[in-house]
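Visitor: with the sequence up front, the predicted model follows.
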Amino acid sequence: MTRTHPLIAVVDDEESIRKALTRLMHSVGLNVETFGSGAEFLKSIDTQLPDCVVLDLHMPHNGFTVQAHLAKVHAPVPVIMITGHELPNDRDRAMASGASAFLCKPVNDQALLEAISAAVDSANGANGSEP
């Protein structure tokens with residue numbers, strides 16, 4: 001089943017970030033589902049896999065753990081890693097693990113929307129959605 005508008009999962013332990021990103025994505029016609037923890041998100045993917053995940057790095061059940069589980073257990077889903085506390089090597093580690101983008105909070109709206117668009121387009125091309 002093909003969705004008209006991509007489904008974006010936002011996984012962040014800060015409610016204000018989840019609300020702001022939801023408003024931003026809704027403003028450009030994206031479907032959004034939010035999760036307050038990595039564990040909550042991982043439970044949900046058995047029933048619905050998003051087209052892209054915007055994933056906070058530093059939270060309980062951190063972004064690296066969620067990213068690794070997602071890559072190991074499910075078909076490749078683009079991950080955009082976001083963080084408000086970049087530590088040395090975080091960017092390199094996230095990108096080496098397959099992240100589509102790595103952005104620092106406060107996230108630039110346009111940069112995030114462009115990263116989502118590129119990730120979803122790339123995934124659709126990789127999945128061979130058109131013969």
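Guide: Great, that's in hand. Numbers count the residues shown, from 1 in each chain.
Visitor: can you pull out the strands in this protein?
Guide: Remark: strands assigned in the chain by DSSP state E are 7-11, 31-35, 52-56, 79-83, 101-104.
Visitor: CSV for those, including mean neighbour count?
Guide: For every residue, glycine as well, the C-beta is placed using N, CA and C. Shown next, in CSV, are those (neighbours: other CB atoms under 10 Å):
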stretch, mean neighbour count
strand 7-11, 23
strand 31-35, 18
strand 52-56, 26
strand 79-83, 25
strand 101-104, 18
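Visitor: who wins for proximity to G125 among those strands?
Guide: Nearest of these to G125, taken as CB to CB: strand 52-56 at 13.6 Å.
Visitor: how about low-confidence regions in the chain?
Guide: For the chain, the stretches with pLDDT under 70 are 1-3, 74-75, 126-131.
Visitor: recalculate using a threshold of 80.
Guide: Filtered on pLDDT under 80, the chain yields the residue ranges 1-4, 74-75, 125-131.
Visitor: alright, I will stop here.
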